[in-house]
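1. Here is a sequence with its predicted model. Questions after.
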Amino acid sequence: MGKCENRKLIYIDKMKKKSFLLSVLALVILVNPGLPQSDADGDWPGSDLLFAASETKVPGHQDGVPVKDMYQCFREPVVVKTNTGRLVAGCHAGNKLEWPERSGQDFVISYSDNGGESWSVPVLVAEHGNYSVQSHGMVYDAVVDRIIVKYIVYRWDYSKAHGRGQEASAPAIREVLDAGEDFSRQYMVYSDDRGESWSNPEEIPVDNKNDMPHYGSSEGRQLSGRKYYGRLIIPGGIRVEEMGNVTRKTIGIWYSDDHGTNWNFVKILNEDPRSVSCEARITELKDGSLLYNVRTRFNGRQLARSTDGGETWSELKAHPELEVTQCNGSMITLRDQSGRLTSNLLFSIPSPGGRKDGLIYVSKDNGESWPSKHQPVKGFFAYSALIQVDGETVCLFYESNDYQDIRLMRIPISNLISE
């Protein structure tokens, strides 16, 4: 064999080895969950971390583990936009990952004055020691320039619950009930400087101590129509709990006509506790009516409508086009360049089959039909929140990394709605 032919064989062998290594590298990138995930369809922008477990420092939080001022999980994002265009995003911040939903949770926010491109240092809004902030509803009153957060507090010591679930927490709950104390109480806080500082928690009495208001981790809405102008609405329900067990649920909304001083509850459905959820989103439509979109215990959503500012509602009905998994979602009505409501709605939710692969459904007829959907996020995706930044952009916030982090994605509206 000549030298030239031998060099040729060596070269071919090297190229084969290089090709093999490149294939292995590509496979590693594909399956390694620690590497960035590609978007599921279309040309979508990348996402950014807003709150990250064990990385995001929250001044004022002193009992985080393993590092002072750190939380171990961030959950259930909500977001509002103020008169100045500031975005204010809030969420639960949990101390103990073993039970992320009820583990000494506080409520924190961060704000952005440049459409979500950069964010403030997180602000601690409400904390109740070893009790847990739960079920928050946040609404912005543009008339008086005030952000309001309503929430409940589970009044048992999370540090005495070792493990996850009813059995682990039962002794701590029983200790509270045996002492004649309330299992939960309801509170409200507010900010008059667009989230930079907050009032002290103010307790809101309930009619029955077993009634637990549930605000569904949702943004409320302020109505802009002439007849009900300025009315504040927060969706959710009332759960009756006995020894930590939900025995009845009443689905509905709260509304206030005096800037949050007093609230009225309107029932939409009183139902068996396992068939419906108190987690819902509401949006104002172009004609001034309201659309209510509630989570169920099945793979689907149920919708109801109101034409009188939320005082009465149509019957809840499942929508066949909204194929989703059981989870909280987010719904908004888009506005045009002049700020007027349009007929275009967006709804974000995980794909059917599990909390992953975030979808955005699109309606062009005020929620009557949802014929198209997009998948901007691939991988873990649970609770989410949508906000319109301006005439060209929406911002999607969502739980990621197995409930430990909250990410955000700035999405061009043109990616979602074609003319």
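-> Yep, that arrived.
2. Okay, now the unreliable bits of the stretch 1-150 of the chain?
-> By pLDDT under 70, the low-scoring segments of the stretch 1-150 of the chain are 1-42, 62-68, 96-104.
3. actually the stretch 251-400 of the chain, not the one I typed
-> For the stretch 251-400 of the chain, the stretches flagged by pLDDT under 70 are 270-275, 299.
4. in it, which spans are strands?
-> 264-271, 276-284, 290-296, 301-306, 317-318, 330-335, 341-350, 358-363, 372-374, 384-388, 393-400 (DSSP state E, counting those that start in this stretch).
5. Out of the ones you listed, which gets nearest to residue 178?
-> strand 276-284 (27.4 Å; Cβ to Cβ). Heads up, the C-betas are built off the backbone N, CA and C, glycines and all.
6. Would you confirm that residue 214 contacts residue 280?
-> No. Residue 214 is beyond contact range of residue 280, at 9.7 Å (criterion: Cβ atoms under 8 Å).
7. Now do the shared contacts for the two.
-> Counting by Cβ atoms under 8 Å, 6 or more residues apart in numbering, the contacts common to residue 214 and residue 280 are 236-237.
8. three-state assignment of residue 174?
-> Secondary structure, DSSP: H, G, I helix; E, B strand; the rest coil: residue 174 is helix.
9. no wait, residue 167
-> Assignment for residue 167 (three-state DSSP): helix.
10. So what's the residue count around it?
-> By the criterion of other Cβ atoms under 10 Å, residue 167 has 9 neighbours.
11. try residue 155
-> 18.
12. next one: stretch 217-228 to chain centre, how far?
-> 18 Å (Cα atoms, centre = their mean, to the nearest Å).
13. Now it: buried residues?
-> For stretch 217-228, a neighbour-count test (16 or more other Cβ atoms under 10 Å) marks 217-225, 228 as buried.
14. where along the stretch 51-200 of the chain do the helices fall?
-> Using DSSP state H, counting those that start in this stretch, the helices found in the stretch 51-200 of the chain span residues 166-178.
15. picking that back up, with the buried residues of stretch 217-228 in mind, which one is nearest to residue 366?
-> residue 225 (13.8 Å).
16. Could you find the closest non-adjacent residue to the closest one?
-> residue 288 (3.3 Å; Cβ to Cβ, 6 or more residues apart in numbering).
17. Residue 396 contacts residue 408, correct?
-> Yes. The pair formed by residue 396 and residue 408 meets the contact definition of Cβ under 8 Å, at 6.6 Å.
18. quick revisit: secondary structure, pLDDT and distance to residue 350 for the buried residues of stretch 217-228 - can I get that in JSON lines?
-> JSON lines is the format used below for the buried residues of stretch 217-228 (DSSP: H, G, I helix; E, B strand; the rest coil; pLDDT from 0 to 100; distance: Cβ to Cβ, whole Å):
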{"residue": "217", "secondary structure": "coil", "pLDDT": "87", "distance to residue 350": "15"}
{"residue": "218", "secondary structure": "strand", "pLDDT": "91", "distance to residue 350": "17"}
{"residue": "219", "secondary structure": "strand", "pLDDT": "93", "distance to residue 350": "18"}
{"residue": "220", "secondary structure": "coil", "pLDDT": "95", "distance to residue 350": "23"}
{"residue": "221", "secondary structure": "strand", "pLDDT": "97", "distance to residue 350": "23"}
{"residue": "222", "secondary structure": "strand", "pLDDT": "98", "distance to residue 350": "28"}
{"residue": "223", "secondary structure": "coil", "pLDDT": "98", "distance to residue 350": "29"}
{"residue": "224", "secondary structure": "coil", "pLDDT": "95", "distance to residue 350": "30"}
{"residue": "225", "secondary structure": "coil", "pLDDT": "89", "distance to residue 350": "32"}
{"residue": "228", "secondary structure": "coil", "pLDDT": "96", "distance to residue 350": "33"}
